[in-house]
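Asks: structure of the sequence below:
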Amino acid sequence: MADYINVHVHRGKSRISPEKEWFDVYTMEPFENNRANRDIINQLSKYFNVDYRNIEIVRGSTSRKKVVKIND
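Replies: Next up is the predicted model:
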């Protein structure tokens with residue numbers, strides 16, 4: 001079963017801060033060549049304890065507000 005979460009991306013030391021409606025994900029990676037997106041996926045895979053290949057950005061790949069799909 002897949003879960004969809006809303007993610008807001010911020011600059012700063014790598015961490016995840018869950019809120020009621022979304023997750024604030026902080027990254028120091030530059031927002032070019034998908035480096036920030038890869039870092040966000042890696043952080044979420046560790047946070048939810050799933051393989052990074054089971055996580056994909058469904059909407060907002062170039063935006064700071066994203067919808068992420070997590071497959072079990």
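
Asks: what about the strands in the protein?
Replies: In the chain, the strands defined using DSSP state E lie at 2-11, 15-18, 23-27, 55-59, 65-71.

Asks: between the ones you listed, which gets nearest to Ile40?
Replies: Across those, Ile40 has its closest neighbour in strand 23-27 (5.2 Å, Cβ to Cβ). C-beta: built from backbone N, CA, C; applies to glycine.

Asks: including mean neighbour count and distance to Tyr47, could the strands of the chain go into JSON lines?
Replies: Compiled in JSON lines, these are given as follows (neighbours: other Cβ atoms under 10 Å; distance: least, Cβ to Cβ, whole Å):
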{"stretch": "strand 2-11", "mean neighbour count": "14", "distance to Tyr47": "10"}
{"stretch": "strand 15-18", "mean neighbour count": "12", "distance to Tyr47": "5"}
{"stretch": "strand 23-27", "mean neighbour count": "20", "distance to Tyr47": "8"}
{"stretch": "strand 55-59", "mean neighbour count": "15", "distance to Tyr47": "10"}
{"stretch": "strand 65-71", "mean neighbour count": "16", "distance to Tyr47": "10"}
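
Asks: distance to Asn34 for those - can I get that in CSV?
Replies: Shown next, in CSV, are the strands of the chain (distance: least, Cβ to Cβ, whole Å):
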stretch, distance to Asn34
strand 2-11, 13
strand 15-18, 19
strand 23-27, 12
strand 55-59, 9
strand 65-71, 12
